[in-house]
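Colleague: Please work out how this folds:
(chains A, B, C and D)
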Protein chains: 2
Amino acid sequence: MKEVRGQLAGIPLFSGLSGEQYDALARIGVRRSSRKGERIFSEGDEGTGFYVVVTGRVKISKVSAEGKEQILHFFGPGESFGEVSVFTGQGFPADAVAAAQTALLFFPRTSFTALIRNDPALALNMLAQLSQRLRQFAGLIEDLSLKEVPERLAKYLLYLSGRDGDARAAELDVSKGQLASLLGTIPETLSRILTKMNRRGLIRSRGAQITILDRPGLDAIAFEGKKLP
Amino acid sequence: MKEVRGQLAGIPLFSGLSGEQYDALARIGVRRSSRKGERIFSEGDEGTGFYVVVTGRVKISKVSAEGKEQILHFFGPGESFGEVSVFTGQGFPADAVAAAQTALLFFPRTSFTALIRNDPALALNMLAQLSQRLRQFAGLIEDLSLKEVPERLAKYLLYLSGRDGDARAAELDVSKGQLASLLGTIPETLSRILTKMNRRGLIRSRGAQITILDRPGLDAIAFEGKKLP
DNA sequence: AAAGCGCTTTGACATAGGTCAAAGAGATGT
DNA sequence: ACATCTCTTTGACCTATGTCAAAGCGCTTT
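Modeller: From the prediction side, this is the model:
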């Protein structure tokens, strides 16, 4: 259990909690690990608990009626998923698959709700976190409905380069086909747009390695909706 | 305050609470009312509390960079909005405007968090409710990104006829222009699709009164993605 | 009734992006 | 090095939907 406790630090969901609260969480948290490609849960499965990513990456996706995969999100270290089903009591609304060798913490529903029932601070943390998530989702809706593909791509590249710290590099952590799905489009369209951006001198794309050459140019596309002729 | 207390019943956010909890809520809730078209808050305003609709209807919308209005949602009696900003501490992410003469309950942020801090049951209710909302949002994302306009319209018509209890009628509670925005499209496109559905015998549309003539047909469009030639 | 106003419908047109098909380009195992 | 396999790129084409413009329709006001 000690090992579990050590992993609780750096999880936003549990930030600002007391040592006792950490102990309690460590008592109910269970370590799990998944190989790349392994399924963690499927859409419709009963939500018996939620997960926190310790290392690795988890892909959340749905399969449309026509059988096409729409990727909703990737979760990395420190991020949690599946909490919603813990509280709604409904099944998971999407599939979760390990996108790499992944270490997880699993918190069973019943023990966790018991914990929270006696601990308003924990509940408040949870509320803040879920609210934050809701806010991000709203942003995603906006992006998907109001913006065009080049804007979404520009935003994503800027997001990547920001996240990695390196101001110019954007190492794709997924295949281009997966990226296309994440952006709500198809590989062909993504490829064409990348080619255009290359020609326009905005980026230099070699394989999964994309270098940002003209950040203001990308900014203009991402935030002002500038066209990409 | 008695009046406030009486209005707490039937609010899902507060369902299953004890009499004492109702009393506490009634003590901090403030009645407000807005005339049609009146602005309740604007995007970016500080989230000083959240609202519950008692009667009437509230429109939540954003204005895009190009100045176009995108309607995100309508909230009716019993529904709450603005909770997220209470917990994230950020400003409101969208505009709220009364779509009709509306009576509201306002719960100030500080008093409400104080309340919840001492009451895990209330916090859990809140968690369940927010989770539910998050789930709905996920569905909305799916709709906007995976589906085409006829599917979205079919879904909305079915939703309306279900909500009103009447299995065949779907009285639009908004103008067709507003409906277009809610569906993420423009009036012209909506009009053309309604015309097609009329010709196909799926519905009969006269003004804001839409009668569903072929429910299985609409179902096929809404859930199987059947085309509308 | 006439005039004015907002909403809705219709038409002609432009375009982003999806589909289908095929060629290239890396990987990986033999 | 070869064969394969998968991912990516490119081209030709099609469709849904947005834009622009004009006409129609239903209200209210005069």
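
Colleague: contacts and neighbour counts: CA atoms only from here.
Modeller: OK.

Colleague: and A:Pro93, what pLDDT?
Modeller: Note on A:Pro93: pLDDT of 87.

Colleague: Pull the contacting residues for it.
Modeller: Taking Cα atoms under 8 Å, 6 or more residues apart in numbering or on different chains, we find A:Pro93 in contact with A:Glu43, A:Gly44, B:Arg135.

Colleague: Now do the same for it: helix, strand or coil?
Modeller: Classification of A:Pro93 using DSSP: H, G, I helix; E, B strand; the rest coil returns coil.

Colleague: Ok, the one 4 residues further on next?
Modeller: When classified by three-state DSSP, A:Val97 comes out as strand.

Colleague: tell me which helix or strand of chain A sits lowest on mean pLDDT?
Modeller: strand A:169-171 (a mean of 74; mean pLDDT, DSSP states H and E).

Colleague: check whether the top helix by length along chain A contacts DNA strand D.
Modeller: Taking DSSP state H as the criterion, chain A has its longest helix at helix A:120-146. No - taking Cα under 7 Å from any atom of the strand as the criterion, helix A:120-146 and DNA strand D are apart, separated by no less than 8.8 Å.

Colleague: So what's the residue count around the nearest residue to A:Gly56 once chain neighbours are set aside?
Modeller: Closest residue in space to A:Gly56, ignoring its immediate chain neighbours: A:Thr102 at 4.2 Å, by Cα to Cα, 6 or more residues apart in numbering or on different chains. Using other Cα atoms under 10 Å in any protein chain shown, A:Thr102 is surrounded by 22 other residues.

Colleague: Was I right to think A:Thr102 contacts A:Val54?
Modeller: Yes - with contacts counted by Cα atoms under 8 Å, A:Thr102 reaches A:Val54, the gap being 7.4 Å.

Colleague: Can you name the residues that contact A:Pro150?
Modeller: Taking Cα under 8 Å, 6+ apart, we find A:Pro150 in contact with A:Ile193, A:Ile221, A:Ala222, A:Leu228.

Colleague: Ramachandran angles for the first one?
Modeller: Per-residue torsions, A:Ile193: phi -70, psi -40 (degrees, to the nearest 10).

Colleague: quick one, what contacts it?
Modeller: Per Cα under 8 Å, 6+ apart, neighbours of A:Ile193: A:Pro150.

Colleague: 10 Å instead?
Modeller: Residues in contact with A:Ile193 (Cα atoms under 10 Å, 6 or more residues apart in numbering or on different chains) are A:Val149, A:Pro150, A:Leu153, A:Pro187, A:Arg199, A:Leu228, A:Pro229.

Colleague: Keep only those of those residues that are in helices.
Modeller: Among those, the members found in helices (DSSP H) are A:Val149, A:Pro150, A:Leu153, A:Pro187, A:Arg199.

Colleague: Which parts of chain A are helices?
Modeller: Here chain A has its helices, by DSSP H, at A:2-8, A:19-28, A:83-88, A:109-117, A:120-146, A:149-163, A:176-182, A:187-199, A:215-224.
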